[in-house]
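> Test case, fold it:
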Amino acid sequence: MRFIHTADWHLGKLFGQRHMTEDQAYVLEELLALCKDVRPDALVIAGDVYDRAIPPPEAVELFNEILTRLAAQGIRVLFIAGNHDSAVRLGFGAQLLRASGIYPAGIVRAEEPPVILSDEHGEVYFSLIPYGDPPHVREAFALDENVSFDGALAVQIAAARAQIPSSARSVAIAHAFVIGGQTSESEHALSVGGSDQVSAEHFTAYSYTALGHLHAPQRAGAENVRYSGSLLKYSFDEAHQKKGIELVELDAVGAASHTFYPLTPRHDVRIVRGMMDEIMADTFDPLPHDDYICVELLDTDAVLAAHEKLRRVYPNLFTITRPNINVNRLSSTERSYERGKSDLHLFSDFFAEVTAVQMTETERDELIRIIDSMEQGERAE
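As a prediction, the model looks like this:
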């Protein structure tokens, strides 16, 4: 059995003030080409298909196109809701989609049947375990007591394992923060105070576990419990990460091997460090200048018109940081300018951090829509 493990597509993502749909379409073309080459039995998306509960129309259209083309190749697609997705919307039309080899799992259910695929060695059971916070799991399973994130996942996995023969090969697809995982800025916390972290031991009975939520490709407690990472870099904190997919193979007895295939983005995400005079030199940076750039400017004093100068070199300059700046020598106007962000953009950043835990998904999405509209008006002016 061969399948491709992906996660965290975040279709409809805004990176800074830039819509990433074209970049996502570009890298998904590469994924489709890879599918033609390796001919997997299935493709897995371990949550966060979309970046928000109400995705923009172009994101829905892109996902529809990709699913249609994968189905045309005869590749089964199994995907679950992550914490960014709307579970109800993602599970729409599940019965109809299954007839085409597309298997979504959105809402947490007490009895989510496994998807059973077969190869020359027999059946492989795929447990689709959508993201479920403790209140939803408690309601779905009619629990009498409150549970933690770890306890909620344990309940979901126990129900999933009860539907799988003990000797069968099996794969878990889940969206969770496993203890010890490497995080980055673009991942919204699942809860406050670290209670979101769950134990990798829950997945011991599975031949392989395909995880989503953390954006860096990594193992999670065991070699066969893995995060594939996101398809693209979604923050400058991820600039050092390699993005791609995992090709997983299960042998006749369920032993799993995996191979990481890197994906090449339309625009890389990079941090450029140096003094202003160095960066402006023609020979300073041999890499593509149309990448998405954060400049770490090492000058200690204010630099006149730094953004305008650097944008001549890097047309996709996102931000400038000043780790060595002597703020005591700057006026209040210069300090505001050196931050490199408008007040509206700072307002957006603030709510991106705070409202993830203080607002409902619908309220947060409406706020993001308003901020998007305001920023578009600011750019037009």
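> all helices for the stretch 201-350 of the chain, in order.
For the stretch 201-350 of the chain, the helices defined by DSSP state H, counting those that start in this stretch occupy 276-280, 306-313, 332-338, 343-358.
> List the buried residues in the shortest one.
By neighbour count with 16 or more other Cβ atoms under 10 Å, helix 276-280 contains the buried residues 276, 279. Where C-beta positions appear, they are placed from N, C-alpha and C, glycine not excepted.
> Could the C-alpha coordinates of it be exported in PDB?
Output in PDB follows, covering the C-alpha atoms of helix 276-280 (Å, rounded to 0.1, in the frame of the first residue of the first chain):
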ATOM      1  CA  MET A 276      22.100  48.500   4.100                       C
ATOM      2  CA  ASP A 277      25.100  49.100   2.000                       C
ATOM      3  CA  GLU A 278      25.800  45.400   1.700                       C
ATOM      4  CA  ILE A 279      22.300  44.500   0.700                       C
ATOM      5  CA  MET A 280      22.100  47.100  -2.000                       C
END
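> Which elements pack onto that helix?
Packing partners of helix 276-280 (3 or more Cβ pairs under 8 Å, 6 or more residues apart in numbering; DSSP states H and E): strand 292-297, helix 306-313.
> Using the three-state scheme, assign Leu143.
coil (DSSP: H, G, I helix; E, B strand; the rest coil).
> Would you agree it is in contact with Ala154?
No - with contact defined as Cβ atoms under 8 Å, Leu143 does not reach Ala154; the gap is 11.4 Å.
> about what we covered before: just name the most buried of the helices and strands packed on helix 276-280.
strand 292-297 (a mean of 22; mean count of other Cβ atoms under 10 Å).
> would you turn the helices and strands packed on helix 276-280 into JSON lines with distance to Gly106 and mean pLDDT?
JSON lines is the format used below for the helices and strands packed on helix 276-280 (distance: least, Cβ to Cβ, whole Å; pLDDT from 0 to 100):
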{"stretch": "strand 292-297", "distance to Gly106": "31", "mean pLDDT": "96"}
{"stretch": "helix 306-313", "distance to Gly106": "42", "mean pLDDT": "92"}
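> among those, which is nearest Asn324?
strand 292-297 (8.1 Å; Cβ to Cβ).
> Pull up the pairing partners for that closest one, direction included.
Taking DSSP bridges as the criterion, strand 292-297 forms sheet pairs with strand 269-274 (parallel), strand 317-321 (parallel).
> which element is Val137 on?
Using DSSP states H and E, Val137 falls within helix 134-140.
> Past that helix, which element shows up next along the chain?
helix 149-161.
> buried ones in that following helix?
Those would be 149-157, 159-161, for helix 149-161 by 16+ other Cβ under 10 Å.
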